[in-house]
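> coordinates only, sequence not included:
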C-alpha cells in the first residue's frame with residue numbers, strides 16, 4: 001500500500017447515513033455535556049471530548065438534524081438559566097452580590113465552552129446566548145440595583161467602612177463588568193444603563209447639589225474652587241477604580257459641572273472672599289484669573305462673568321477700579 005493510501009494525514013470521513021439510534025446517541029452526548037457545563041461541571045468535559053462533541057454536532061447538522069439540535073440547545077439553555085435564576089433567588093438576602101458574581105463567572109466560562117462545541121451550528125443557526133434574562137428578572141434586578149447603588153453612592157460619599165472598602169470595591173467592579181459585557185439587547189437600553197447608570201446619575205444630582213451648598217458656606221471663592229476641583233478629580237478617578245463604563249464618567253462630569261459650577265456661578269461671583277468685588281477692589285489678579293478659568297469650564301460661564309463685571313463697574317463708576325473690555329481686565333498699576 002502506498003503512503004498516500006495510508007491512514008496518516010487522511011481527513012476523517014463521516015457516515016453517509018446514520019441510524020435513528022445513532023442520532024439519539026449523538027444528541028444525548030451533546031445534551032449531557034451542555035447540562036454539565038450549565039451545572040458548572042466543566043471538569044467532566046475535557047479537551048478530547050470537545051473534539052468528539054464538535055464532531056457530533058457537525059454530523060447531526062450534516063445529516064439534517066440541525067433544527068432539532070438547535071431547539072434542544074435552546075431548551076437546555078433556557079432550563080439552565082431557570083435553575084441559575086432559582087439559585088440566585090435563594091441568595092437574595094444572603095451574600096447576594098458574591099453569589100451573583102460567582103454564578104456569572106461560571107456561566108460566562110460555560111457559554112464559551114458551549115460555543116466551542118457548537119461552533120459550526122452557531123455560524124448556521126444560533127446567535128450568542130446570554131444571561132440578561134436572569135438579571136432582568138424583577139426580584140433579581142431590583143435587588144441588584146438596590147445593593148449596587150447603595151454601595152457606589154456610599155463610596156462617593158466616603159461612607160464605606162475602611163475595613164469593608166476593598167471587598168465592596170471588588171463586588172462593584174465585578175457587577176459593573178458583568179453588566180457592561182451583557183451590553184445592548186434588541187435596541188433596548190443596555191442592562192448596565194437600566195440597572196445601574198440611569199438611577200445612579202439621578203441620585204448623584206441631589207448629592208452634588210448638597211455638596212455645592214456646603215462648599216459655599218465658607219463664603220470663599222478660592223476655597224470653593226479648590227474643593228470642587230478636588231471633588232471632580234477624585235470622582236473621575238473613582239469611576240475608573242470601580243470599572244464603571246466610560247459613558248458614566250462623561251455624564252457624571254457633566255452633572256458635576258452643572259451642579260457645582262453652572263448653577264453656582266452668580267453666588268460664587270458675589271462671595272466676600274475671592275469674588276468679583278474683592279478681586280477687583282483689592283487687585284487680586286491671580287484670584288480673578290482662577291475664577292475666570294473655573295467658570296470658563298462650562299458653556300456660557302465666561303459670558304456670565306463678563307456681564308457681571310460690566311454691570312458692577314458701571315454701577316461703581318470708580319476710576320480707581322480696573323477697566324474691562326468685555327474680554328479681559330486692564331489692571332491699574
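Received it, and whenever you're ready, just let me know what you need. Computed from a prediction, not measured in an experiment: that's the story for all the values here.
> contacting residues for the residue nearest to residue 296 when sequence neighbours are not counted?
Of all residues not flanking residue 296 in the chain, residue 302 sits nearest, at 4.7 Å (CB to CB, 6 or more residues apart in numbering). (C-beta placed from N, C-alpha, C; glycine too.) Residue 302 makes contacts with 292, 295, 296, as judged by CB atoms under 8 Å, 6 or more residues apart in numbering.
> buried residues in the strand or helix carrying residue 302, which are they?
Element membership for residue 302 (DSSP states H and E) is helix 301-316. Under the neighbour-count criterion of 16 or more other CB atoms under 10 Å, helix 301-316 has 301, 305, 306, 308, 309, 312, 313 buried.
> what is the burial count for the closest residue to the first one other than its chain neighbours?
Think residue 301. Spatially, and ignoring its direct neighbours in sequence, residue 301 is nearest to residue 295 (3.6 Å; CB to CB, 6+ apart). Counted with other CB atoms under 10 Å, the neighbours of residue 295 add up to 23.
> right, and residue 295 touches residue 304 too?
Yes - using CB atoms under 8 Å, residue 295 is in contact with residue 304, at 6.9 Å.
> next, show the common contact partners of the two.
residue 265.
> the longest helix in this protein is where?
helix 66-90 (DSSP state H).
> do me a favour and average the pLDDT over it.
The average pLDDT for helix 66-90 rounds to 86.
> neighbouring contacts of that helix?
Outside helix 66-90, the residues that reach it (CB under 8 Å, 6+ apart) are 27, 30-31, 34-35, 38-39, 57, 60-61, 96, 99-100, 103, 107, 114, 118, 121, 124-126, 129, 131, 133-134, 137, 139-140.
> give me the buried subset of those.
Buried among the contacts of helix 66-90 by 16+ other CB under 10 Å: 27, 30, 34, 38, 57, 60-61, 96, 99-100, 103, 107, 114, 118, 121, 125-126, 129, 131, 134, 137, 140.
> give the buried residues for the longest helix of the chain.
66, 69, 70, 72, 73, 76, 77, 80, 81, 84, 85, 88.
> and which of these is nearest to residue 330?
Among these, residue 88 lies closest to residue 330 (CB to CB), at 67.6 Å.
> from residue 137, how far off is the closest one?
In this structure, residue 88 and residue 137 are 8 Å apart, going by CB to CB, to the nearest Å.
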